[in-house]
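K.L.:
Here is a sequence with its predicted model. Questions after.
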Amino acid sequence: MTDKTILSVDNLALSYGSNPILKGVSMQLRRGEVVSLLGPSGSGKTTLLRAVAGLEQPHAGSVTIAGRTIYDGAAGIDIPAEKRDLGLVFQSYALWPHKTVFDNVAYPLKLRKVGQGEIAERVHAALKNLGLGHLAERYPHQLSGGQQQRVSIARALVYNPPVILLDEPLSNLDAKMREEARAWLRNLIVEMQLSALVVTHDQSEAMAMSDRILLLNGGVIEQQGSPQEMYSQPQTYFVADFMGSNNILKGRVAEIRDGEACVEVDGQLRIWGRRRSDAAIGQEVKAVLRVEQLRLADGPGEHRLAMDLATSMFLGDRFEYVFHAGDTLLRAWGNRPEAAGQRWLEFPPDAVWVF
Amino acid sequence: MLQTLPRRAVVALLALSVFFPLGLVLWQSVLSGPFFMPSAQLSLESFVFIFEDPDFWMATRNTLIIAVGMSVIAIPLGAVLAFIMVRTDLPGRRWLETPILIPIFVSPVVLAFGYVVSLGPVGFFSVWFEALFGHVPWNIYSLASIVVIAGLTHVPHVYLYSSSALRNLGSDVEEAARLSGASPFRVARDVSIPMVSPALLYVGVLVFFLGFEIFGLPLILGDPEGHLVLTTYLYKLTNKLGTPSYHLMAAVATCIIAVTFPLVLLQRALLKSAQRFVAMKGKSARQRPLALGPWKWVALAVIALWLLLTIVVPVSGVALRSVVSSWGTGINLLEVLTLDHFRAVFEEDVMIRSILNSILIGTFGGALAVGGYLLVGLATHRKADGLSRLVDYIVLTPRAVPGLMAGLAVFWVFLFVPFLAPLRSTLFSVWFAYAVVWLAYGMRLIQSALMQVGPELEEAGRLVGASRARVSLDITVPLIRNGLLGAWLLVFMIFEREYSTGVYLLSPGTEVIGAQIVSLWASGAVDVVAALSLINMLLVGSGLALALRFGVKLHD
């Protein structure tokens, strides 16, 4: 652990009754870093965030923030949520409907016995910073979803917590606003040099917003790393499948050569890819093919196969081609419409992983 | 821990308030005499005495007949009423909702009195009916009449639970059945009714054990022909042996509790399974009402007849009786109109006091009770631990104790706990008994209000640095203000309606209208009873009007 580490979770375990949710999770968050907790529903990502916040009760492990132990199962330390000094932005924003925007943001300072004058000063500064200066006297129900989210962030930041936790911060916004808010939020975090832990189920959101991604699966960390690493060097089938848009083909290993394996699908298609497991010749494997890496080619060649194009769909910024690959469908992207019929498709081996 | 101390104190006080009086009843039932007599010893002779008393067995038989009979009448009627109101296009449904619920808030003793003056041997309606048809085919004092009246007045209870279950039922499950080829009536039979059957079972148990606790109706209607039920048998025991026969009354009460307590536990288990059903409900989309066609006139006629019998007849009887000096065959009511009964009421200090006390206990007492219930609610709010489960059971316990007996137990408490004794002849003792008897009702109101608060609003408070207590004060309580106001109004009505709990606590200074009516009825002061009954109904009615004005839901 370096002195740059601001949040450290060590071997944290948590169960609901006899049902284990977190099975020993360890992670670090460095000062000024944004880490995303990514995973499918039920993977334990929200539970991990809530356990750090003090809203869920772990039964083993420890959590340290800025050198202060806030939970330690073995030592019996469990600081209550209100004494942990963390900022949490709730998925639903959780603005108190009976308080104005100003009172919502001022409440944490009031609890900290800050003087009236200073409260007004700091709340107005926080609101102004988030572009909410003119809304101080409104009630939450008079705000739009985006504005509510900003108030919720202002409330979590106004007392300068060392770490800010965000639970699915963009999921309550509509699709169009989500992309703008994503850029705005990333910019805010970088500008204010915040250390942030973000829960999300959306891989593109995680990649766009964070410096590092932790992918959780069934209560354990499956893999962690920078967004590029996670995307281009998946260690397991789960990671490869979860990140990006994929085609999954099932087949048998037909040939092995240096770190590459050839998969035979339905006894006809033969595709070369990176070998990611120790499956031997004849064993059943899955090939993960990134949709955006498959390219239409104008003729035969290395790593090219003749395929049967069923249809092409217009997605706005690109076309998606749907091929028949034995019993399954194979998708690829391109930028012009194609009529159905026989086509050549290129499978670059470093974009195909064999598990 | 500073946070858990007040919580434990609240729960300890609650447990003491419920279990100490109840324990006193159980202990008294195994003594040979009143517990304050030095000669009282541990003995089962009180049980031997009542088991050898033929009146006890008659009362038990009658109680069973009433409990079964009223369930048989109330459950199908209430369920059908709920189906018609929630699922069909009956004209005037919105307008009918409130009158249907009125019997819940009218004191049964007032209702019973209304039946006597309307349908009794010389009642207003009996006299008119006899003049028209030559004879009166009913006898209001027969056991059958008591069963029918008890059944009809408990229809609203069944209606409440089955209508809310029907409302929660998503119309998608019904539409799926329609699209599969089921007619509207098949849908009701094969989908809607089976899906609300847990609610019907729950309310069936409720009505059955309410049958064990009814007191006002059999007290007034059963007396002339000597039809005793367990509660009136208990009431009559007061002076059976010349000295206060507390041990005998406690033995009867123990027998009643032995039946009702398991039923309360059964209800709790049923509620759990009913909630599992609710969890499976589909989306509550806009429901398309079922077209009744010409059947709507039949449905309207049934509802109108029921409203006539359960509300119009008794209430108009009370109102009329309170403004005439005499009644019976051959009397022109217009010639005997008078306000003397009200004058009599307002000339007597006791009566004025009982009216003022009733108002006080409803307003201040109601607010205080809601405050107490709120403390208990907050102590267990979002804490699923052993203490909360304990509170669950404590809250249910008073339901199993008839109000009459609870009042007596509280009387004993105030009689013999030294520092409480000076409070016995103050309204506080009555308030305490009321608050304990209606604990389960009040807690349901508070808990349903607390459930409306999103957990993340409270968690957000914790995260920014507020302690549990601070979160309750600054976030939870302000958010449920409207729910608390509604609870206060409903508790006000329930406290105005209450009559049996105050019977044994009645003494100079603690008079309330309900208990006063019971006591005056025994002395035959019918004129004053009529006037007090009308005043009582006016108090409940003003609470109801306020509740409707503020949009308080009469049920959850």
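P.N.:
Sure thing, it's come through.

K.L.:
remind me which residues of the stretch 151-300 of chain B are low pLDDT?
P.N.:
The stretch 151-300 of chain B contains residues with pLDDT under 70 at B:170-173, B:175, B:178, B:181, B:183-185, B:239-243, B:274-288.

K.L.:
mind listing the helices for it?
P.N.:
For the stretch 151-300 of chain B, helices defined by DSSP state H, counting those that start in this stretch occupy the ranges B:155-168, B:171-179, B:184-187, B:193-213, B:216-221, B:230-236, B:246-279, B:295-307.

K.L.:
Looking at these, spot the one closest to chain A.
P.N.:
helix B:246-279 (16.8 Å; CB to the nearest CB). For the C-beta atoms, the positions are set from N, CA and C on the backbone; glycine is no exception.

K.L.:
Please point out which parts of that closest one sit buried.
P.N.:
Neighbour counts over helix B:246-279 (16 or more other CB atoms under 10 Å in any protein chain shown) mark B:246-257, B:259-261, B:263-264, B:267, B:270, B:274, B:277 as buried.

K.L.:
name the helices or strands packed onto that helix?
P.N.:
helix B:4-29, helix B:45-52, helix B:155-168, helix B:193-213, helix B:230-236, helix B:386-396, helix B:403-416 (3 or more CB pairs under 8 Å, 6 or more residues apart in numbering or on different chains; DSSP states H and E).

K.L.:
would you turn these into TSV with mean neighbour count?
P.N.:
Output for the helices and strands packed on helix B:246-279, formatted as TSV (neighbours: other CB atoms under 10 Å in any protein chain shown):
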stretch	mean neighbour count
helix B:4-29	17
helix B:45-52	16
helix B:155-168	22
helix B:193-213	21
helix B:230-236	23
helix B:386-396	16
helix B:403-416	23
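
K.L.:
Dump the ones you listed to CSV, plus distance to chain A.
P.N.:
Compiled in CSV, those are given as follows (distance: least, CB to the nearest CB, whole Å):
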stretch, distance to chain A
helix B:4-29, 12
helix B:45-52, 44
helix B:155-168, 23
helix B:193-213, 25
helix B:230-236, 43
helix B:386-396, 15
helix B:403-416, 37
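
K.L.:
Relative to residue A:150, which of the helices of the stretch 151-300 of chain B is closest?
P.N.:
Nearest of the helices of the stretch 151-300 of chain B to residue A:150, taken as CB to CB: helix B:246-279 at 35.2 Å.

K.L.:
okay, which residue is most central for chain B?
P.N.:
residue B:104 (6.7 Å; CA atoms, centre = their mean).

K.L.:
Nearest residue to that residue in space, please, no chain neighbours.
P.N.:
residue B:156 (4.9 Å; CB to CB, 6 or more residues apart in numbering or on different chains).

K.L.:
can I see the domain layout of chain B?
P.N.:
B:69-225+B:260-338, B:339-556 (automatic domain parsing).

K.L.:
How about the residues of the stretch 151-300 of chain A by chain B?
P.N.:
Residues of the stretch 151-300 of chain A lying close to chain B by CB under 8 Å from any CB of the partner chain are A:155-156, A:159.

K.L.:
can you give me the helices in the stretch 201-350 of chain A?
P.N.:
Using DSSP H, counting those that start in this stretch, helices in the stretch 201-350 of chain A cover A:203-209, A:227-232, A:237-242.

K.L.:
pLDDT averaged over the second one, what's the number?
P.N.:
Put plainly, it is helix A:227-232. Per-residue pLDDT over helix A:227-232 has a mean of 91.

K.L.:
Ok, the first one next?
P.N.:
In this model, helix A:203-209 has a mean pLDDT of 90.

K.L.:
Pull the residues that contact that helix.
P.N.:
Helix A:203-209 is contacted by residues A:34, A:36, A:38, A:170, A:178, A:182-183, A:185-186, A:189, A:198, A:200, A:213, A:227, A:230-231, A:242-244 when judged by CB atoms under 8 Å, 6 or more residues apart in numbering or on different chains.
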